[in-house]
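K.L.:
Please work out how this folds:
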Amino acid sequence: MSDITRIDQNARRSRASVFGDLVFLAGQVADTKTADITQQTKEALAKVDDMLARAGTDKSRLLSVQVWLKTMDDFDAMNAVYDAWVVPGDTPTRACGKVELADPAFLIEVIAIAARK
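P.N.:
Next up is the predicted model:
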């Protein structure tokens, strides 16, 4: 039996992997590809919340977050949503960059690492 727990696993990836007290989330993207950056950010962060809960933790235990944006023109709008979402006093390390995402309709992808409760 493995000491690694994988959540929503398929042949290519797991949406989350748990090892000891660490939770590693794959990139979370919005379901509504036609939405603007504000809505896509809300949806991606809601998926982070969901995956963290499924792994036995929550956003107050985030250690690191990577935010990938299609364009840095969306930086301020993304930050407005992110800042309202993150737990004050428990902000993780974070990096944000411009990348070419797998689907051109995606405006944001969020990757996270957290500690379990």
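K.L.:
Any chance you could list what contacts the helix or strand of the chain with the lowest mean pLDDT?
P.N.:
Least confident helix or strand of the chain, by mean pLDDT, DSSP states H and E, is strand 4-9 with a mean of 93. The set of residues external to strand 4-9 that reach it, using CB atoms under 8 Å, 6 or more residues apart in numbering, is 14-19, 51, 54-55. Placement of C-beta: from N, CA and C, glycine included.
K.L.:
So, low pLDDT: which residues of this protein?
P.N.:
1 (pLDDT under 70).
K.L.:
how about the helices of it, start to end?
P.N.:
Secondary structure of the chain (DSSP state H): helices at 37-54, 75-85.
K.L.:
packing partners for the longest one?
P.N.:
For helix 37-54, the helices and strands in contact under the criterion 3 or more CB pairs under 8 Å, 6 or more residues apart in numbering; DSSP states H and E are strand 14-19, strand 22-28, helix 75-85, strand 108-115.
K.L.:
cutoff 6 Å now
P.N.:
In terms of contacts (3 or more CB pairs under 6 Å, 6 or more residues apart in numbering; DSSP states H and E), helix 37-54 is packed against strand 22-28, helix 75-85, strand 108-115.
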